[in-house]
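**Student:** how would this look folded up:
(one chain, ligands or ions: 1)
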Amino acid sequence: MTDTQHRAGFVTFVGRPNVGKSTLTNALVGEKVAITSSKPQTTRRAIRGIVHKESGQLILVDTPGMHRPRTLLGERLNAVVQDTLGEVDVICFCVPANEKLGPGDRFINEQLDSFPRAKKVAIVTKVDAASKASVAEQLLAVSQLRDWEAIIPVSALTSIQLDVLTKELIALLPESPPLYPAETVTEEAMEDRIAEFIREAALEGVQDELPHSIAITIDDIIERDDKELVEIYANLFVERDSQKGIIIGHKGSRLAEVGARARAQIEPLIGSKVFLSLRVKVAKEWQRDAKQLGRLGF
Ligand SMILES: Nc1nc2c(ncn2[C@@H]2O[C@H](COP(=O)(O)OP(=O)(O)OP(=O)(O)O)[C@@H](O)[C@H]2O)c(=O)[nH]1
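**Tutor:** Model (predicted):
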């Protein structure tokens, strides 16, 4: 009887950096809402992607990887994680099929005990990148961590079992009318999405310490009356002069590439040609400075 009842609620993915949480969010929602990159810990804020089905509405909250804080930025990230996990209906613990369970996974799994309200599901990600035998081994290893509501192997990249995951997750949500209108895919402001696209473009191909040192702010978005054009004025903050050089590149070549990559993502989002002005600025040690963090939107 109750399977005709509509369900809705909040779901979050947790797991070590790089296990595929953002990619899975995007694959389930069907539109690019969270940035992904091959560099760990690129997700910095709780972004909601919304999956609409006849049977229910899944509101996905993408959290940064849980880790031990080293800087003020790290502490704020962890505070976001704690707030998010306290409120959700389902926590999905993600581990990749192609790497053995390690201390990092166990640490995160143990943290989940602090959130008794949420139902807990294990997701084995990236099954396309592992043999059948390794997937089976991983499913067994994960099943021994705790008593999960479900353990679901998926591949976001090759769309394996995504429908099954959606269905299982909706079944675990409370009965509720839809919480968002049908066309909403994310609550995040347009400006934030544009900033994320620029950050993603800037991160491509840069060295290890740089990802955490980049922050984007948007000064202005102007729709031109005389042309089919939107002008976007953005700042790209780095922490040191040496990083400024890396971002800009020889005679500005690298910055031009960043701009072109970002524009290619932003134009379909806003449905117009874009003029993008990117200014690179140095905000010394912004990660450690509470005032600067506030200014940069954290
Ligand atoms: N083969 C394969 N690779 C995947 C899959 N999902 C994600 N990846 C890759 O894994 C890397 C990390 O993916 P993300 O989605 O950014 O990982 P994340 O867990 O959100 O990472 P953080 O934002 O650092 O916490 C990227 O290079 C993805 O392309 C998958 O289903 N199969």
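
**Student:** Quick one: name whatever helix or strand follows the helix or strand hosting residue 191.
**Tutor:** Assigning secondary structure by DSSP states H and E places residue 191 in helix 190-203. Counting by DSSP H and E, the element after helix 190-203 in chain order, helix or strand, is strand 215-223.

**Student:** before we move on, which element is whatever residue of the stretch 151-298 of the chain ends up closest to the ligand in?
**Tutor:** Here the stretch 151-298 of the chain gets closest to the ligand at one residue, residue 157, 3.6 Å apart by CB to the nearest ligand atom. Where you see a C-beta, it was placed from the backbone N, CA and C, and this is true even at glycine. No secondary structure element spans residue 157, as it lies outside all helices and strands (assigned by DSSP H and E).

**Student:** Confirm for me that it is in contact with residue 23.
**Tutor:** Yes. Contact between residue 157 and residue 23 holds when scored by CB atoms under 8 Å: they sit 6.8 Å apart.

**Student:** which one of these two has more residues nearby?
**Tutor:** The residue with the greater number of neighbours, taking residue 157 and residue 23 and applying other CB atoms under 10 Å, is residue 23; the counts read 18 against 15.

**Student:** Excluding sequence neighbours, find me the nearest residue to the more buried one.
**Tutor:** Counting by CB to CB, 6 or more residues apart in numbering, the nearest residue to residue 23 once its immediate chain neighbours are dropped is residue 156, at 4.4 Å.

**Student:** List the residues that contact the one you found.
**Tutor:** Residue 156 sits next to 20, 23-24, 26-28, 125-126, 162 when contact means CB atoms under 8 Å, 6 or more residues apart in numbering.

**Student:** at 6 Å instead, please
**Tutor:** Taking CB atoms under 6 Å, 6 or more residues apart in numbering as the definition of contact, the neighbours of residue 156 are 20, 23-24, 27.

**Student:** how much space between the closest residue in space to residue 239 that isn't next to it in sequence and residue 282?
**Tutor:** Nearest non-adjacent residue to residue 239, counting by CB to CB, 6+ apart: residue 213, 4.4 Å away. Applying CB to CB, to the nearest Å, one obtains 10 Å for the distance of residue 213 from residue 282.

**Student:** got it, and residue 6?
**Tutor:** Relative to residue 282, residue 6 is positioned 51 Å away (criterion: CB to CB).

**Student:** ok, now residue 59?
**Tutor:** 38 Å.

**Student:** Neighbour count for those two, which is higher?
**Tutor:** Comparing residue 59 with residue 282 by neighbour count (other CB under 10 Å), the higher total belongs to residue 59, at 22 against 14.

**Student:** How about the secondary structure of the more buried one?
**Tutor:** Following DSSP: H, G, I helix; E, B strand; the rest coil, residue 59 is assigned to strand.
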